[in-house]
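*Asks:* Dropping the sequence and predicted coords here.
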Amino acid sequence: MPDQDFPAADDAADFDQEHEHDETPIAEPTAPAPILSPEEQMRQRPLEPEPELIPTDDLRDDARLRAKKSRPILQRIVQAIRGGPNRAYRELIINVEPLEKRVALLVDGVMEKFEVERAGENRLVSAVFKGRIQNLEPGLKAAFVDIGLPKNAFLHYWDILPAANDSDNEIVRENQSEDQRRRAEKISLKDIPRLYPIGTDIVVQITKTQIGTKGPRTTTNIALPGRFIVLMPYSGQCGISRKIEDRRERERLKHILREMNIPEGMGVIIRTAGEGKRKPYFIRDFAMLMKRWEEMQEKMKSPKPVMLYQEPDIVERTLRDFLTEDIDRVLVDNDKDYERMTSLVSEISKRSASKIQRYADSIPIFERYNIERQIEQTFQRRVPLPSGGEIVIEETEALVAIDVNTSGHKGARDGTNFIVQANLEAASEAARQIRLRNIGGLIILDFIDMKRPRDRQAVYSRMREEMEKDKAKSHVLPISALGIMQMSRQRHEQSNASGIYTGCPYCHGRGIVKSPRSMSVEIQRRLLSNVRRLRIRPENQNRDLRFRVLLHPTNLERLRTEDEQHLLDFEQAYNVSLAFRADPTYHVENFKILDAETGSELR
């Protein structure tokens with residue numbers, strides 16, 4: 001078996017840490033890392049940093065100091081008189097760069113929400129289009145609508161019917177037209193193909209953007225959000241958000257809603273931001289939304305599919321939603337956006353405008369408030385827990401799996417309490433990571449097995465409590481006897497990770513490649529197949545066969561060491577001469593077998 005001189009390939013030993021549901025400490029690799037030249041280092045993938053536990057106590061201490069400086073004195077006096085725990089300090093930190101705009105919500109210094117918007121991206125969620133039905137699929141009970149995008153939009157028959165009352169809102173006033181009432185009573189799913197045949201023009205709103213190969217999902221139940229109300233042009237029902245809990249305030253808002261002059265057939269929902277607001281605020285908000293709707297109606301005259309409305313950019317969306325939350329401070333590091341935000345909020349509330357501040361320090365804003373470190377953690381597989389365990393998050397096409405590992409846990413090792421404590425920590429952190437990563441769809445959580453039903457109920461309750469902080473709707477099922485929790489979370493857009501990463505061009509998203517041992521077996525099997533096929537021909541029965549094999553250096557290193565004797569035996573048994581040539585440009589799973597005499601490739 002002749003050899004050619006070439007650099008020996010480095011063996012990359014994989015260190016597999018297997019985390020079982022026991023208390024065995026995590027083993028540490030003892031082999032020293034190979035010393036690489038700068039050129040070799042540049043050819044390697046950057047090492048993923050070890051998961052780092054963010055010191056949340058330090059973050060909270062810093063946030064309390066900022067709260068003392070920025071909260072009004074009167075508010076602090078009232079809090080001191082009432083006693084009890086201080087209200088969490090909530091900050092919106094906005095970082096504006098040429099290619100990205102990022103928004104982080106800090107609650108007592110800990111990041112609870114993270115959004116990013118990149119230059120050139122289409123803001124499709126909540127966008128409204130005039131489209132045309134291209135196809136009807138009775139089996140799927142869905143229509144496919146041309147809205148002018150490369151992919152036709154998906155419109156389920158259920159989303160064509162008038163929407164049922166959302167349980168999050170209390171309906172106060174029926175404002176349906178006679179035609180709406182008649183259609184609501186008579187239309188069923190089987191009537192949709194007759195009422196909406198192929199070629200019908202239809203107005204739809206995107207509820208879920210295109211994910212992977214699936215087109216955007218849409219509905220005909222249009223909702224246009226304002227600062228204090230939501231206008232639903234085709235609804236005919238008016239109501240109030242149930243998140244406004246004060247009974248007297250709800251009665252006051254109901255009275256305002258009944259007095260508002262709303263065109264027949266339209267619906268209005270008062271948002272939580274409307275709590276405490278006087279009637280003129282709602283009148284002005286409604287007038288602004290009606291003007292927007294009239295502009296959309298003008299665009300509907302277009303004979304072709306057209307976009308009627310698009311959500312504002314992340315800065316304006318943050319501004320609008322900021323009015324619905326109890327935010328103490330908004331900090332932005334860009335002059336233009338600071339002026340724009342201040343101007344818009346000043347039109348509504350001078351007090352709220354005073355909360356918007358311009359960040360001018362030399363340290364980048366996300367570094368100054370330890371946000372970069374927290375963001376880095378949201379893209380790692382492993383996330384440490386306060387007492388030493390960790391959760392491992394794996395996103396797949398079908399679902400997201402979250403595994404709880406207890407190795408290295410520093411809690412009291414008295415059996416049940418230690419396991420329950422680890423699971424409670426894991427539930428809180430998993431819910432937070434789901435929000436930060438914007439994970440949607442089906443989610444499976446593998447907790448440490450708990451025998452007592454009350455322990456499983458405690459972890460289930462903790463998960464429910466944590467997911468209630470999330471604006472996206474979710475459904476959490478109790479923990480099974482196997483320690484598995486199933487849940488689903490409303491998905492409007494792709495997860496944050498999918499916007500940061502793209503599929504690996506080397507492994508095509510599998511995350512693994514064949515080992516040198518597997519490739520050695522495959523090469524030898526292909527050699528044997530070719531020898532037997534050639535020996536069948538009479539002209540080759542007594543002829544010496546000579547093969548040249550082109551392959552990746554890593555695989556050749558395996559053939560030259562562990563499997564050398566197998567190849568020598570092969571040459572002798574079949575009267576074959578083998579030559580190998582390593583080419584680092586070859587994919588590790590690719591190789592070629594050539595006839596040395598003719599140069600033709602053998603399959």
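*Replies:* Great, that's in hand. The model shown is predicted, which means the values in this text are computed figures rather than measured ones.
*Asks:* and the residue nearest to Asn590 when sequence neighbours are not counted, how far is that from Gln565?
*Replies:* Nearest residue to Asn590, sequence neighbours excluded (Cβ to Cβ, 6 or more residues apart in numbering): His552, at 7.2 Å. (Each C-beta comes from the backbone N, C-alpha and C, glycine too.) Distance, His552 to Gln565, by Cβ to Cβ, to the nearest Å: 21 Å.
*Asks:* More neighbours: those two, which one.
*Replies:* Higher neighbour count among His552 and Gln565: His552, with 22 against 8, using other Cβ atoms under 10 Å.
*Asks:* those strands in the stretch 201-350 of the chain, which residues are they?
*Replies:* Using DSSP state E, counting those that start in this stretch, the strands of the stretch 201-350 of the chain run over 201-208, 217-219, 224-225, 229-232, 237-241, 267-270, 306-309, 329-332.
*Asks:* give me every residue that touches the nearest residue to Gln380 once chain neighbours are set aside.
*Replies:* Leaving aside its chain neighbours, Gln380 sits nearest to Pro51 (5.7 Å; criterion: Cβ to Cβ, 6+ apart). Listed by Cβ atoms under 8 Å, 6 or more residues apart in numbering, the contact set of Pro51 reads 377, 380, 382-384, 390.
*Asks:* Widest-spaced pair of those residues?
*Replies:* Farthest-apart pair in the contacts of Pro51 is Gln377 and Glu390; separation 11.2 Å (Cβ to Cβ).
*Asks:* Give me the common contacts of those two.
*Replies:* Both Gln377 and Glu390 are contacted by 51, 383, under the criterion Cβ under 8 Å, 6+ apart.
*Asks:* Distance from the chain centre to stretch 113-131, please.
*Replies:* 14 Å (Cα atoms, centre = their mean, to the nearest Å).
*Asks:* in it, what's buried?
*Replies:* Within stretch 113-131, the residues that count as buried by 16 or more other Cβ atoms under 10 Å are 113-117, 123-131.
*Asks:* wait, Ile314 sits on Arg118?
*Replies:* No. In this structure, Ile314 is not within contact of Arg118 by Cβ atoms under 8 Å, at 9.8 Å.
*Asks:* nearest residue to Ile240 other than its sequence neighbours?
*Replies:* Leaving aside its chain neighbours, Ile240 sits nearest to Ile270 (4.7 Å; criterion: Cβ to Cβ, 6+ apart).
*Asks:* State the helix or strand in which Ser520 lies.
*Replies:* For Ser520, the element it lies in under DSSP states H and E is helix 516-535.
*Asks:* Quick check: what element follows that helix along the chain?
*Replies:* Next along the chain after helix 516-535, taking DSSP H and E as the criterion, comes strand 545-551.
*Asks:* what helices or strands is that next one leaning on?
*Replies:* In terms of contacts (3 or more Cβ pairs under 8 Å, 6 or more residues apart in numbering; DSSP states H and E), strand 545-551 is packed against helix 516-535, strand 576-582, strand 591-595.
*Asks:* Give me the angle between it and helix 516-535.
*Replies:* Angle between the axes of strand 545-551 and helix 516-535 is 150 degrees (criterion: axes from the mean of the first three to the mean of the last three Cα atoms, to 10 degrees).
*Asks:* Show residues contacting strand 545-551.
*Replies:* The contact list for strand 545-551 (Cβ under 8 Å, 6+ apart) reads 519, 523, 527, 530-531, 534, 574-583, 586, 590-597, 602.
*Asks:* circling back to that earlier point, looking at the helices and strands packed on strand 545-551, which is closest to Phe286?
*Replies:* Nearest to Phe286, of all those, is helix 516-535, at 66.8 Å by Cβ to Cβ.
*Asks:* which parts of the closest one are buried?
*Replies:* Buried-residue list, helix 516-535, by 16+ other Cβ under 10 Å: 516, 519-520, 523, 526-527, 530-531, 534-535.
*Asks:* what does the average pLDDT come to for that helix?
*Replies:* Mean pLDDT, computed over helix 516-535, is 90.
*Asks:* what does it contact?
*Replies:* Contact with helix 516-535 is made by 514, 540-541, 545, 547, 549, 551-552, 554-555, 557-559, 562-563, 566-567, 570, 574, 576, 578, 588-589, 591, 593, 602-603, as judged by Cβ under 8 Å, 6+ apart.
*Asks:* by how many degrees do it and strand 576-582 diverge?
*Replies:* Using the same axes, to 10 degrees: helix 516-535 against strand 576-582 is 140 degrees.
*Asks:* spatially speaking, which residue is in the middle of this structure?
*Replies:* Nearest residue to the geometric centre of the chain (Cα atoms, centre = their mean): Ser495, 1.7 Å.
*Asks:* distance of it from Arg368?
*Replies:* Look at Ser495 and Arg368: by Cβ to Cβ, they are 27 Å apart.
*Asks:* One more: Pro193?
*Replies:* Distance, Pro193 to Arg368, using Cβ to Cβ: 58 Å.
*Asks:* Same check on Ile171?
*Replies:* Per Cβ to Cβ, Ile171 is found 46 Å from Arg368.
*Asks:* same deal with Val204?
*Replies:* 43 Å.
*Asks:* now do Gly511
*Replies:* Taking Cβ to Cβ, one finds Gly511 at 36 Å from Arg368.
*Asks:* which of these two has more neighbours?
*Replies:* For Gly511 versus Arg368, the count of surrounding residues by other Cβ under 10 Å is larger for Arg368: 15 against 10.
*Asks:* how many neighbours does the nearest residue to the more buried one once chain neighbours are set aside have?
*Replies:* Nearest residue to Arg368, sequence neighbours excluded (Cβ to Cβ, 6+ apart): Asp361, at 6.0 Å. Residues within reach of Asp361, counting by other Cβ under 10 Å, total 9.
*Asks:* quick check, Asp361 in a strand?
*Replies:* No. Secondary structure of Asp361 (DSSP: H, G, I helix; E, B strand; the rest coil): coil, not part of a strand.
*Asks:* hang on, it packs against Tyr369?
*Replies:* No. Between Asp361 and Tyr369 there is no contact under Cβ under 8 Å: 10.4 Å.
*Asks:* now, among the buried residues of stretch 113-131, which is nearest to Pro505?
*Replies:* Proximity of the buried residues of stretch 113-131 to Pro505, judged by Cβ to Cβ, is greatest for Val116, which lies at 23.4 Å.
*Asks:* Restricting to C-alpha, output the helix or strand harbouring Asn423 in CSV.
*Replies:* For Asn423, the element it lies in under DSSP H and E is helix 416-437. Taking C-alpha atoms only, helix 416-437 is exported to CSV below (Å, rounded to 0.1, in the frame of the first residue of the first chain):
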residue,chain,number,x,y,z
THR,A,416,-36.4,15.1,47.5
ASN,A,417,-35.9,18.7,48.5
PHE,A,418,-32.7,18.9,46.4
ILE,A,419,-34.5,17.5,43.3
VAL,A,420,-37.6,19.8,43.7
GLN,A,421,-35.3,22.8,44.2
ALA,A,422,-33.4,22.1,41.0
ASN,A,423,-36.7,21.6,39.1
LEU,A,424,-38.2,24.8,40.4
GLU,A,425,-35.1,26.7,39.4
ALA,A,426,-35.2,25.0,36.0
ALA,A,427,-38.9,26.0,35.5
SER,A,428,-38.2,29.7,36.2
GLU,A,429,-35.1,29.8,33.9
ALA,A,430,-36.8,27.8,31.2
ALA,A,431,-39.7,30.2,31.0
ARG,A,432,-37.4,33.1,30.9
GLN,A,433,-35.3,31.6,28.1
ILE,A,434,-38.4,30.8,26.1
ARG,A,435,-39.4,34.5,26.2
LEU,A,436,-35.9,35.8,25.5
ARG,A,437,-35.3,33.4,22.6
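*Asks:* Note down every partner strand of whatever helix or strand comes next after it and its orientation.
*Replies:* Where DSSP H and E defines the elements, the next helix or strand beyond helix 416-437 is strand 441-446. Paired neighbours of strand 441-446 in the sheet (DSSP bridges): strand 400-405 (parallel), strand 484-489 (antiparallel).
*Asks:* of all those, which lies closest to Lys471?
*Replies:* Closest among the strands paired with strand 441-446, using Cβ to Cβ: strand 484-489, at 10.7 Å.
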